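Asks: can't give you the sequence, but here's the structure:
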């Protein structure tokens, strides 16, 4: 069964995200910020509490160190720099989860780190090394692509289970990657979003920006919780998955 995931715990200081508690009852997986793109200790603690209350899996959502850019700016980092950076963020979330007798089950990179990982095999392997060397029990969430077998074969070398993720509200390019947010129509309107999710659930495929049909392996669907009316959108998509 396809699971529903959402990026949560992203409040920071005076900037509060009001939808977390409304969204959490409908998701299976909570990707919780680790403080490097957003997420202060109070927000992280609250997100863990809410995930525990609603029996959602807890995932670390690590980022480049980019609070000013919300983790959406690429950074040139060596393997020796990036692996400890990811370990640090997983450990922060794991430590706070342990206080509440919870565990971190998976890792889903955020923003530019996620996009860079999908575009660069060397960086993908670096992320795999980080996840594998932290704990053998963590899976890695990556974007669902048509050539998923190639990526799984790389992950198998590090004994990391992959979970392939599709995006409810994003338009797909013919390459299988997401259309840049800078382009018009990259973020789908509600009706188009719901139609895309239905196709994902029923056929494990998407229609690209040029009208091509692209088959994907989809384990989980991501919904974004930082927009107005997000809770109602997540609730509706939950119904489509039932």
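Replies: Sure, I can see it. Please read all numbers here as calculations on a predicted model, not as lab measurements.
Asks: which stretches of the chain form helices?
Replies: 20-23, 41-53, 79-99, 111-119, 121-134, 148-157, 190-203, 230-241 (DSSP state H).
Asks: Which one of the ones you listed lies nearest to residue 170?
Replies: helix 190-203 (8.7 Å; CB to CB). Placement of C-beta: from N, CA and C, glycine included.
Asks: Now do that closest one: everything it contacts.
Replies: Under the criterion CB atoms under 8 Å, 6 or more residues apart in numbering, residues 2, 166, 168-169, 188, 205-207, 216, 218, 221, 233, 236-237, 240-241 lie in contact with helix 190-203.
Asks: Now render the helices of the chain as JSON lines, adding distance to residue 68, mean pLDDT and mean neighbour count.
Replies: Below are the helices of the chain laid out as JSON lines (distance: least, CB to CB, whole Å; pLDDT from 0 to 100; neighbours: other CB atoms under 10 Å):
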{"stretch": "helix 20-23", "distance to residue 68": "22", "mean pLDDT": "90", "mean neighbour count": "20"}
{"stretch": "helix 41-53", "distance to residue 68": "17", "mean pLDDT": "96", "mean neighbour count": "19"}
{"stretch": "helix 79-99", "distance to residue 68": "17", "mean pLDDT": "98", "mean neighbour count": "17"}
{"stretch": "helix 111-119", "distance to residue 68": "12", "mean pLDDT": "95", "mean neighbour count": "19"}
{"stretch": "helix 121-134", "distance to residue 68": "22", "mean pLDDT": "98", "mean neighbour count": "18"}
{"stretch": "helix 148-157", "distance to residue 68": "31", "mean pLDDT": "96", "mean neighbour count": "14"}
{"stretch": "helix 190-203", "distance to residue 68": "29", "mean pLDDT": "95", "mean neighbour count": "16"}
{"stretch": "helix 230-241", "distance to residue 68": "24", "mean pLDDT": "92", "mean neighbour count": "17"}
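Asks: Output these as TSV; include the columns distance to residue 70.
Replies: Listed next are the helices of the chain as TSV, based on distance: least, CB to CB, whole Å:
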stretch	distance to residue 70
helix 20-23	16
helix 41-53	14
helix 79-99	15
helix 111-119	7
helix 121-134	19
helix 148-157	26
helix 190-203	22
helix 230-241	16
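Asks: which one of those lies closest to residue 32?
Replies: Comparing these by CB to CB, helix 41-53 comes nearest, at 4.8 Å.
Asks: Run through the residues that contact the residue nearest to residue 215 when sequence neighbours are not counted.
Replies: Excluding the flanking residues, the one nearest residue 215 by CB to CB, 6 or more residues apart in numbering is residue 205, at 4.9 Å. Counting by CB under 8 Å, 6+ apart, residue 205 touches 199, 213, 214, 215, 216.
Asks: how near is residue 205 to residue 144?
Replies: For residue 205, the distance to residue 144 (CB to CB, to the nearest Å) stands at 10 Å.
Asks: who touches both of those two?
Replies: Common neighbours of residue 205 and residue 144 (CB under 8 Å, 6+ apart) are residue 216.
Asks: Kindly confirm whether my reading is correct that residue 107 touches residue 60.
Replies: Yes. Shown here, residue 107 and residue 60 form a contact pair, counting by CB atoms under 8 Å, at 4.9 Å.
Asks: list the residues that contact both of the two?
Replies: Common contact partners of residue 107 and residue 60 (CB under 8 Å, 6+ apart): residue 90.
Asks: Who are the contact partners of residue 40?
Replies: Residue 40 neighbours (CB under 8 Å, 6+ apart): 11, 12, 13.
Asks: Among the residues you listed, which one lies nearest to residue 85?
Replies: Checking those one by one against residue 85 (CB to CB), the nearest turns out to be residue 12, at 18.3 Å.
Asks: Brilliant, that's me finished.
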